[in-house]
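**Student:** below are the sequence and a predicted model; questions follow.
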Amino acid sequence: MIERINFFGIPHGVHYLGYVVPLACAAILVWRLYVRAGLWWKVGRPDRRWDHPATRLRRLLQYGVAQVKVLRQPYAGFMHVAIAWGFFVFFLGTAFATIDADFVRFLRGPAYLGFKIVLDLFTALALVGIVLAAYRRFVQRPERLTRNGVFGFMLVMVFLVVLTGLVTESLRLAAVAREPGLQPGWRPALGWWTPVGWGTAQLWLKAGLVPEVIDRLHLGMWLGHVGLVGLFFVTLPITPLLHIVTGPLNIFFSAIDRPRGRLAPAAPTEGNGSGGPAGTLRDFTWAQLMQGDACTECGRCQDVCPAHGAGLALSPKKTILAMRDSLAAAGKAIRANGGGVGHPAPAFVGDVVEDKAAWACTTCRACATECPVLIEHVDTIVDMRRYLLTQQRADNQLTTALSHLRRYGNSFGKSDKQRAKWTASLDFRIKDLRKEPARTLWFVGDYASYSATLTEATLATARVFRQAGMDFGLLYDAERNAGNDVRRTGEEGLFELLAQKNVSGMARCRFEEIVTTDPHTYNTLKNEYSWDGRRVPIYHYSEVLDRALRDGGLSPRRRLGYAVTYHDPCYLGRYNDVYDAPRRVIEALGCRLIEMPRNRDRALCCGAGGGRIWMDESGIRERPSESRVREAAALDGVQCLVVACPKDLTMYRDAVKTAGMEGRIVVKDLIELVEEATREEGTGQRGDEPA
């Protein structure tokens, strides 16, 4: 027979404190959460986030319950899941046990035994997780974690809540074992189903405590446990533990109506309908304000941020937390003044978050990729940049580049007549799509068209496309910058102008698909252009090369045999999930691919994105591109760093020089390896071969 363990040593009526105290404190918790959430909606702009409930629920289960992003890091992942799931099962089990004891007895037979062992083991799991968290925070002390006494208080409180629950259970078991008439050493059958609780009970049994003492200890421990649960509920809204509630909310209400590569639209502004800046809290959406409260302060975003790693002012974590802290400080006053309508709101950009922090972002999206609660840092930072541009608070280099783009359609400030000047070096003619149709439109992009250091790679692309039998053409001087980085500097109006000109130019041409060598162009053409109802397939050239090699359009004439590593461009990989095509191309050429420690969606940004390639680099400790080439050069036997982006080719070849890596590693575009492997002997240019 299995003994059911309920209340021992608790006077009649006193056990109702187990309902009154937690429920009263939970009511306080709900009220404080309601007040806090009211600030999001009354201060922030409207944002529709109630659509697609089934998809939102699936994401909540994936990221909030299964916590797949948390588990991307083994130690921290196991630690957090142990605490989260252990604590959740502990609380749920306590509630079930209380209901079963006082109201409806539904835990019977095998169900009761299964309940007891699950609750017992998850209680132990929670304690293990808390100990691991304490070791990590106070012994290992990684730089990315917030350091203050609040976190110590949180860990101690949660530990004591779980520990007092376990000790209370062990005292109940000890009370059963000490009942009169039982032989010393007798073990209740239930002890086999609560191994941790029964093991703890041995402390009281071996101490020789009499039943009366055990009952008093049980009462004191139970009262302490009830009080700690109440304290947990009351303090939760004012500690980082608030993310227990707001994290799942943020996951559920995260953006699902647009692909990752499409930036959130600018807020409409009175008069012109676009380009809305975000200079105060009121200029952000309620969902963005919620993100501040949802932040877990884990620092994963900061850890992977190339700007932070380079010593610049940006910390994605601190930027999001600044919204939380500012809302807490100013939200009540804003709400008292009519929810922000017709009343000034405190400045945010410039006063709370420095201008230079907003401009440091490369929009690589590494932060959002790592965030376990799906915070979209890039959208918020770009909103800040939109405000800074309206205030003319940008560095001179960026202002000059934007001026060139507005006047010439390219950041180099060169005539559009020179855009296809590089074609003069070819011994064949590339079709002009404005005059004759072709199957493929090659959207070349600014850097591949105008940069003299990239001319050979651009010519190699044309030669390989021709060798593959592709029917392709150009827009020639009708092409403009695609606008991906323009938009991410905050210049929404200029982006719309460039996009309209490109779409208008392409509308007069006949083609079936678009290919580009530039991942930035690829992203914005694929995800952000309206196309006036016309839609064509858009490919990165690595996808086209992969297709040609598999279909026989291209056939390697020699196996290169190089040991190479490959850099995943942010706008190809993290934004658009194109990881395998370039790797298949590399392997098809007979190269041995050695992955860098940071690869695929964890790849380090080169530092050029988000318009950073047009900005001043003063104050940088070490450029991300220099850090990346050091990482590549440190790989045993690697001869070549392969890139698949014109900006990467520019950044990394320059970094090889500034980092003193010349002679140790060569940077090559993917197309250069393809041409070397597929050309006939004695034709073309070889360039620098890997050492």
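**Tutor:** Noted; the coordinates are in hand.
**Student:** list the contacts for Trp204?
**Tutor:** Counting by C-beta atoms under 8 Å, 6 or more residues apart in numbering, Trp204 touches 170-171, 174, 214, 217. To be clear about C-beta, it is placed using only N, CA and C from the backbone, and glycine gets the same treatment.
**Student:** could you list the buried residues of stretch 199-216?
**Tutor:** Buried residues in stretch 199-216, counted by 16 or more other C-beta atoms under 10 Å: 200-201, 204-205, 209, 211, 214-215.
**Student:** and the least confident of those residues?
**Tutor:** Taking these together, the minimum pLDDT is found at Pro211 (82).
**Student:** pretty sure it sits against Ala177.
**Tutor:** No. Here Pro211 lies out of contact with Ala177, judged by C-beta atoms under 8 Å, at a distance of 9.6 Å.
**Student:** please, which helix or strand holds Val234?
**Tutor:** Counting by DSSP states H and E, the element that carries Val234 is helix 211-235.
**Student:** now that helix, how far from the chain's geometric center?
**Tutor:** In terms of C-alpha atoms, centre = their mean, to the nearest Å, the centre of helix 211-235 is found 41 Å from the chain centre.
**Student:** contacts for that helix, please.
**Tutor:** Taking contacts as C-beta under 8 Å, 6+ apart, the residues outside helix 211-235 that touch it are 8-11, 14, 17-18, 21-22, 24-26, 28-29, 157-158, 160-161, 164-165, 167-168, 171-172, 174-175, 178-180, 204, 209, 241.
**Student:** how about 6 Å then?
**Tutor:** By C-beta atoms under 6 Å, 6 or more residues apart in numbering, the surrounding residues in contact with helix 211-235 are 8-10, 17-18, 21-22, 25-26, 28-29, 160-161, 164-165, 167-168, 171, 174-175, 178, 204.
**Student:** now the next helix or strand after it: buried residues?
**Tutor:** Next along the chain after helix 211-235, taking DSSP H and E as the criterion, comes helix 243-252. Under the neighbour-count criterion of 16+ other C-beta under 10 Å, helix 243-252 has 243, 245-252 buried.
**Student:** just checking, what packs against helix 243-252?
**Tutor:** Applying 3 or more C-beta pairs under 6 Å, 6 or more residues apart in numbering; DSSP states H and E, we find helix 243-252 packed against helix 286-294.
**Student:** picking up where we left off before, the contacts of helix 211-235 in strands, which ones?
**Tutor:** Under the assignment DSSP state E, the contacts of helix 211-235 contribute nothing to strands.
**Student:** quick one: buried ones out of the residues you listed?
**Tutor:** 8-10, 18, 21-22, 25-26, 29, 160-161, 164-165, 167-168, 171, 174-175, 178, 204.
**Student:** coming back round to it: so which of the contacts of Trp204 comes closest to Pro646?
**Tutor:** Of all these, Pro646 sits closest to Ser170, with 66.3 Å by C-beta to C-beta.
**Student:** if I look at Ala97, how far off is Ala357?
**Tutor:** 50 Å (C-beta to C-beta, to the nearest Å).
**Student:** what about these two, which has more around it?
**Tutor:** Between Ala97 and Ala357, counted using other C-beta atoms under 10 Å, the more crowded position is Ala357 (22 against 18).
**Student:** which residues touch that one?
**Tutor:** 313-314.
**Student:** can you tell me the helix or strand for it?
**Tutor:** helix 355-360.
**Student:** quick check: mean pLDDT across the following helix or strand past that helix?
**Tutor:** Going down the chain from helix 355-360, the next helix or strand is helix 366-370, by DSSP H and E. Helix 366-370 shows an average pLDDT of 97 in the prediction.
**Student:** neighbouring contacts of helix 366-370?
**Tutor:** With C-beta under 6 Å, 6+ apart, helix 366-370 has contacts from 300-301, 304-305, 316, 376-377, 574, 601.
**Student:** between the residues you listed, which is nearest Arg56?
**Tutor:** For the contacts of helix 366-370, the nearest to Arg56 is Glu376 (15.0 Å; C-beta to C-beta).
**Student:** so what's the closest one closest to, chain neighbours aside?
**Tutor:** Ranked by C-beta to C-beta, 6 or more residues apart in numbering and with sequence neighbours excluded, the top spatial neighbour of Glu376 is Ala368, at 5.5 Å.
**Student:** and for Phe443?
**Tutor:** For Phe443, the closest residue by C-beta to C-beta, 6+ apart turns out to be Thr516, at 4.4 Å.
**Student:** kindly report the same for Ser170.
**Tutor:** Nearest residue to Ser170, sequence neighbours excluded (C-beta to C-beta, 6+ apart): Thr200, at 3.7 Å.
**Student:** tell me the phi and psi of Phe348?
**Tutor:** Phe348 has phi and psi values of phi -120, psi -60 when expressed as degrees, to the nearest 10.
**Student:** burial count for it?
**Tutor:** 22.
**Student:** just Gly619 next, same as before
**Tutor:** So Gly619, with other C-beta under 10 Å, has 11 neighbours.
**Student:** what do you get for Met506?
**Tutor:** 24.
**Student:** residues contacting the strand or helix carrying it, please?
**Tutor:** Using DSSP H and E, Met506 sits in helix 492-507. Helix 492-507 is contacted from outside by 266, 274-275, 406, 475, 478, 480-481, 483, 486-487, 529, 532, using C-beta under 6 Å, 6+ apart.
**Student:** now the strands for the chain?
**Tutor:** 431-432, 440-442, 472-474, 513-516, 538-540, 563-566, 592-593, 640-643, 666-669.
**Student:** which of these is buried the deepest?
**Tutor:** strand 640-643 (a mean of 26; mean count of other C-beta atoms under 10 Å).
**Student:** for it, which outside residues touch it?
**Tutor:** Counting by C-beta under 6 Å, 6+ apart, 562, 564-567, 632, 649, 665-670, 690 sit against strand 640-643.
**Student:** lowest pLDDT pick from these?
**Tutor:** Pro690 (65).
**Student:** which of the contacts of helix 492-507 tops the neighbour count?
**Tutor:** Neighbour max across the contacts of helix 492-507 (other C-beta under 10 Å) = Asn481, 29 neighbours.
**Student:** where's that residue relative to Ile613, distance?
**Tutor:** Asn481 is 12 Å from Ile613, where distance means C-beta to C-beta.
**Student:** and if you look at Pro537?
**Tutor:** In terms of C-beta to C-beta, Pro537 sits 28 Å off from Ile613.
**Student:** ok, these two, which is more surrounded?
**Tutor:** Using other C-beta under 10 Å as the criterion, Pro537 and Ile613 rank with Ile613 on top: 21 against 11.
**Student:** how about the more buried one, nearest residue that isn't a chain neighbour?
**Tutor:** Per C-beta to C-beta, 6+ apart, closest to Ile613 is Lys647, 6.1 Å.
**Student:** relative to Ala659, how far out is that neighbour?
**Tutor:** In terms of C-beta to C-beta, Lys647 sits 17 Å off from Ala659.
**Student:** could you do Ala358 as well?
**Tutor:** 27 Å.
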